[in-house]
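Peer 1: I need the structure of the sequence given here:
(4 chains)
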Amino acid sequence: MGVGETIGLIHDGDSVTLSGVSMVRAPMAFVKEIVKAKRKELSIIDREPGIDFDILIGAGAVKRVRFAMLGLELLGLAPNFRRAAEQGEIEYLETTCGAITNGLRAGAMGMPFVPVKGIIGTDLLPLHEKKGTWRVIDDPFSGEKIVAVKAIIPDVAVIHVQKADKFGNASIEGARFEDVYKAKSAKTLIITAEEIVDTKYFVGHPERNTIPYFYTAAVVHVPKGAYPTACYNYYPPDYGFVKNYVSMCRAGRFDEFIERWLRGEEDEN
Amino acid sequence: MGVGETIGLIHDGDSVTLSGVSMVRAPMAFVKEIVKAKRKELSIIDREPGIDFDILIGAGAVKRVRFAMLGLELLGLAPNFRRAAEQGEIEYLETTCGAITNGLRAGAMGMPFVPVKGIIGTDLLPLHEKKGTWRVIDDPFSGEKIVAVKAIIPDVAVIHVQKADKFGNASIEGARFEDVYKAKSAKTLIITAEEIVDTKYFVGHPERNTIPYFYTAAVVHVPKGAYPTACYNYYPPDYGFVKNYVSMCRAGRFDEFIERWLRGEEDEN
Amino acid sequence: MKIKIADIMIKAMAQTLADGDTVLHGLGSPLPAIAMHLAKASHAPDLVFFPVSEGLDPNPDRYRLRLSSADPDHFVGAKAVIELIETFDLASKGKLTAMFLGGAQIDSRGNTNLTCIGDYQRPKIKLPGGAATSFLTPLVKKLILWTTHHSKRVFVDRLNFLTGLGYEEGKDKEVTIITDKAVFMVEKGYLVLKSVHKDVSVKDVVENMSFAPIVGKYGVTTTPTSEDMVLIRNIDPDGIRFSEFEG
Amino acid sequence: MKIKIADIMIKAMAQTLADGDTVLHGLGSPLPAIAMHLAKASHAPDLVFFPVSEGLDPNPDRYRLRLSSADPDHFVGAKAVIELIETFDLASKGKLTAMFLGGAQIDSRGNTNLTCIGDYQRPKIKLPGGAATSFLTPLVKKLILWTTHHSKRVFVDRLNFLTGLGYEEGKDKEVTIITDKAVFMVEKGYLVLKSVHKDVSVKDVVENMSFAPIVGKYGVTTTPTSEDMVLIRNIDPDGIRFSEFEG
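Peer 2: Residues are numbered from 1 along each chain as shown, chains lettered A, B, ... in the order given. As a prediction, this is how the structure comes out:
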């Protein structure tokens, strides 16, 4: 199955979360398919996304974005996100890492919400109370105020992993971020993998199996599927790519970037 | 450090949880030390304990027991627990696996409580409401009734693992049960290990490190530390031992069993 | 070798499971464990098998029944560790479709008591406890209860303690009860006889219950085929499945 | 090679950490990452080092600073994966003792804004967002804020958005602010000047703030030793620590 064949699992208007953070293990090959397929009105959700979300926003695929931080670290602000936010082109809901990670974990655990410490006293709280994503409740045991964070259950999670078997048993090597929780909370899970391995790879090494097959709706073999973001044990982030992206965006050449990228001309090799 | 040297970390009246379930990976060598040291008034907590808890109860170390199931599976009821419960010698609070596991996980996550589905309508609910361990609350988002299970934070967790380094990085092989949550929720964590390995064992294989060192108060090398319960990759349960235990208890010979066991005469080899 | 009641119960248990079911068994569950193997080896190859020993989909070729259902020998060769709490998370999400649970007392609605005989505070018999019963019985779509001691002591008018919920009005939940004499289902809040085991009379079934089940159209419980028996005996060459029937 | 302001800030950051501290740094945090290495290599060998790249206690001998703080190269040779959420769990238990966070705007109580310049709904500048700030600032015992742009734009009278909490009355919480000119602490709700960096005047510090900090007894910020500089340059041979000062 090619990565393009799974795009039917994502529909206009879906809420979508993607693996990785910043310039690490974002499912970029799948992001490209979303742009190619001209999906619209997506709600995209992630803790600390970067170029993946910025491209989707720039390409007009996004109605709503929920994030704790969305930028390119030392390489600057995310140009399309910034413009779209400042010009009112998208809805956005800023959250905080402790809330979004726990919201995804609540989804994975099948809990309707979880109580999360901190947060009270910040300006994020009234925003989320208004949106219905958080509520201040009394701890029924101590009586103390605490923020109840509603479970986050995305329609689709796309998780890029190092290795998977054809059944969808998947192995994340190195940092996992919230990817296991995303995988287990989402209604539909798509795995893209650097390598397809035989199930024997997991037998006797069950600790390698970070996402067991029964969560997975589709698994696709996509070497360099995270490029230009990094894939531990396979390739580093291509900082040059991201720098060039920022320059082109700043020069008003995002459309040109997208055309070249969709044709594969921005990718190395 | 010998296993006996860590017994000072457990005090009369402490709440204590032990690793494993039933006849698997209970920290029996440590249980023996508790009995030797004549600890009293312990509150012992576990999902599905077996002979470990039954011995502690028989030895008079226990004031209170909290469990979802306490028995010896096909080998019968737990003789000391049963007698102590029926004759009012101990306090006991029966819980259900989904509540006790989630209570321990809430402790590990630093949440004061978690909402747990199910349970409502059973006779366990009023028992726990009275004890203050559960409360029925309204989900602040859906308005539905749900059981809030208070976090379980034992004073001490004793976890028997296959391998650990001298710093307390610990590797549970095979089934983990709630042991990782127990380790992370308890105020004091004692690791007993079949083997002490060099830290290099974990380097490049971080997935082996199920309990990182910073949780661990003490780590002790105890080969056969789970015997007569099983330790995956090391030894199976000794069903004969448990059968003999049951026979001796039924014959009113528990004290004799304990004396022989403390002297090492009940253990194989 | 003769087919025994244990084998008939295993077959009946296996038949409650459909392909694609996600199924958990707990401690002290030799019959369910064999039934899950049997279902997966026959009509339900895509059954997801969660054993309390936490090794996903244990390999029947090397699985041998033990006196503890959590025996780590059942873990050997596992391709994933599924912590019990993960199956509970699935249950909370409505994705654990079936669970096998025992019942020391069972009432006419399929409610169960596994907690105590007599009063909770000062019981006549303190039973081992309900394990996951209180948590899971409201959450699974298929609840399969079993007892190896079909008797008035088990089938009671009134439970001493309500550990597990059977029938729940308005809920998509199938409650099956498999005993050493018969198979029942709970329909609209009543225990309905579905089949009696070979060589068991309906009279024997009904007279050994403290309440009257609904007896309408019923059949004879399917007897395991010789193929089934090969699998059952391979999984349990030591006959551990019979130990529950003692005492 | 000259000691630069980045190096002085790193040394000041390292000095906020004590042996046994459990410390997290997030994305876009080159100075804190080096500071954590420096503290652990000198006065705080038992510091527990949680990098956003999730490899516990990264080995300084092979660590090279990268443009992303989550670069998986930082994970190589890790002895444990500590998911970010696990450090949050520690924070919720009061066991994450220190955290480094930035501030696009900082007020006189050490409150921070990382969300937006102007109105949240229609901002003049949409900043990347506070990341863990709102969650962690009320939970850690040591909050170390930093800015590489000490200016009236950063030190404001009134934040456009309250992303992070600084001083909180009655709480055991130490708030330190390290800039490219000076080091402050928040005491009883006021920003108190603790030290100015070598070659920086107090006038330069105070005139570049929209409010007046408390200036009493203060010192000169400790300059890194040559030993410190060897470590800093080994961790960051490419000078990535300077990139935050651009623009």
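
Peer 1: wait, what's in contact with the nearest residue to residue A:15 once chain neighbours are set aside?
Peer 2: Computed as CB to CB, 6 or more residues apart in numbering or on different chains, the closest residue to residue A:15 that is not its neighbour in sequence is residue A:43, at 4.1 Å. C-beta coordinates here come from the backbone N, C-alpha and C atoms, glycine included. For residue A:43, the contact set (CB atoms under 8 Å, 6 or more residues apart in numbering or on different chains) comprises A:13-16, A:62-66.

Peer 1: Identify the residues contacting residue A:248.
Peer 2: So residue A:248 contacts A:254, A:256-257 (CB under 8 Å, 6+ apart).

Peer 1: Format those residues as CSV; extra columns: pLDDT and secondary structure.
Peer 2: Putting the contacts of residue A:248 into CSV (pLDDT from 0 to 100; DSSP: H, G, I helix; E, B strand; the rest coil) gives the following:
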residue, pLDDT, secondary structure
A:254, 98, helix
A:256, 97, helix
A:257, 97, helix
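
Peer 1: From these, keep the buried residues only.
Peer 2: A:254, A:257 (16 or more other CB atoms under 10 Å in any protein chain shown).

Peer 1: ok, so of the contacts of residue A:248, who is nearest residue A:27?
Peer 2: Of all the contacts of residue A:248, residue A:257 has the smallest distance to residue A:27: 18.8 Å, by CB to CB.

Peer 1: returning to that earlier point: CA atoms of the helix or strand containing the residue nearest to residue A:15 as CSV?
Peer 2: Counting by DSSP states H and E, the element that carries residue A:43 is strand A:42-46. The C-alpha coordinates for strand A:42-46 follow below in CSV (Å, rounded to 0.1, in the frame of the first residue of the first chain):
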residue,chain,number,x,y,z
LEU,A,42,-8.9,20.2,9.2
SER,A,43,-8.6,20.8,12.9
ILE,A,44,-4.9,20.0,13.6
ILE,A,45,-3.8,19.3,17.2
ASP,A,46,-0.3,18.8,18.6
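
Peer 1: What parts of chain A come near chain C?
Peer 2: A:108-111, A:169, A:184, A:199, A:202-204, A:206-207, A:209, A:212, A:214 (CB under 8 Å from any CB of the partner chain).

Peer 1: and the gap between the residue located most distally from the centre of chain C and chain A?
Peer 2: Largest separation from the mean C-alpha position in chain C: residue C:122, at 28.6 Å (CA atoms, centre = their mean). For residue C:122, the distance to chain A equals 28 Å [CB to the nearest CB, to the nearest Å].

Peer 1: give me every residue that touches that residue.
Peer 2: B:86, B:88.

Peer 1: The residue nearest to the spatial centre of chain C: which element?
Peer 2: Compute the mean C-alpha point of chain C, and by CA atoms, centre = their mean the closest residue is residue C:100, 3.8 Å away. Using DSSP H and E, residue C:100 falls within strand C:98-102.

Peer 1: residues near residue 151, how many?
Peer 2: Reading this off chain A. 22 (other CB atoms under 10 Å in any protein chain shown).

Peer 1: Hmm, no, I was thinking of chain C.
Peer 2: There are 14 residues near residue C:151, going by other CB under 10 Å.

Peer 1: you'd agree it is in a helix?
Peer 2: No - using DSSP: H, G, I helix; E, B strand; the rest coil, the secondary structure at residue C:151 is coil, not a helix.

Peer 1: List the contacts of the nearest residue to it once chain neighbours are set aside.
Peer 2: Counting by CB to CB, 6+ apart, residue C:151 lies nearest to residue C:208, which is 5.2 Å off, once chain neighbours are set aside. Going by CB under 8 Å, 6+ apart, residue C:208 touches C:150-152, C:155, C:181.

Peer 1: Closest one of those residues to residue D:117?
Peer 2: residue C:155 (72.5 Å).

Peer 1: Pretty sure residue A:90 sits against residue A:83.
Peer 2: No - counting by CB atoms under 8 Å, residue A:90 does not reach residue A:83; the two are 9.7 Å apart.

Peer 1: quick one: is stretch A:160-179 near chain D?
Peer 2: Yes - Stretch A:160-179 comes into contact with chain D (CB under 8 Å from any CB), by way of A:174-178.

Peer 1: Output those residues in JSON lines; the columns should cover distance to residue C:173, pLDDT and secondary structure.
Peer 2: What follows is these, written out as JSON lines (distance: CB to CB, whole Å; pLDDT from 0 to 100; DSSP: H, G, I helix; E, B strand; the rest coil):
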{"residue": "A:174", "distance to residue C:173": "42", "pLDDT": "97", "secondary structure": "coil"}
{"residue": "A:175", "distance to residue C:173": "41", "pLDDT": "98", "secondary structure": "coil"}
{"residue": "A:176", "distance to residue C:173": "35", "pLDDT": "98", "secondary structure": "coil"}
{"residue": "A:177", "distance to residue C:173": "37", "pLDDT": "98", "secondary structure": "coil"}
{"residue": "A:178", "distance to residue C:173": "33", "pLDDT": "98", "secondary structure": "coil"}
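
Peer 1: Looking at those residues, which two lie furthest apart in space?
Peer 2: Using CB to CB, the two most remote members of these are A:174 and A:178, lying 14.3 Å apart.

Peer 1: The two: which is more packed in?
Peer 2: The neighbour comparison of residue A:174 against residue A:178 (other CB under 10 Å) goes to residue A:178, with 28 against 23.

Peer 1: check contacts around the more buried one.
Peer 2: Contacts of residue A:178 were listed using CB under 8 Å, 6+ apart, and they are A:47, A:100-101, A:104-105, D:83-85.

Peer 1: Show me the domain layout of chain A.
Peer 2: If you go by automatic domain parsing, the domain ranges for chain A are A:5-94+A:153-262, A:113-150.

Peer 1: Let me know which of the ones you listed is tucked in deepest.
Peer 2: domain A:5-94+A:153-262 (a mean of 21; mean count of other CB atoms under 10 Å in any protein chain shown).

Peer 1: what about that domain, start to end distance?
Peer 2: 16 Å (CA to CA, to the nearest Å).

Peer 1: same check, this time on stretch C:162-181
Peer 2: Length of stretch C:162-181, first residue to last, CA to CA: 24 Å.

Peer 1: Distance from it to the middle of the chain?
Peer 2: Centroid separation for stretch C:162-181 versus its chain: 11 Å, with CA atoms, centre = their mean, to the nearest Å.

Peer 1: next one: stretch A:172-190
Peer 2: How far stretch A:172-190 lies from its chain's middle: 9 Å, per CA atoms, centre = their mean.

Peer 1: got it, and stretch A:95-103?
Peer 2: 13 Å.

Peer 1: hang on, the earlier thing: list of residues touching the helix or strand that comes right after the strand holding residue A:43?
Peer 2: Using DSSP H and E, the helix or strand that directly follows strand A:42-46 along the chain is helix A:51-58. Outside helix A:51-58, the residues that touch it by CB under 8 Å, 6+ apart are A:18, A:20, A:23, A:26-28, A:31, A:34-35, A:42, A:44, A:46, A:62, A:65, A:67, A:70, A:72, A:78-81, A:84, A:90, A:228-229, A:242, A:245, A:249, A:254, A:258, A:261.
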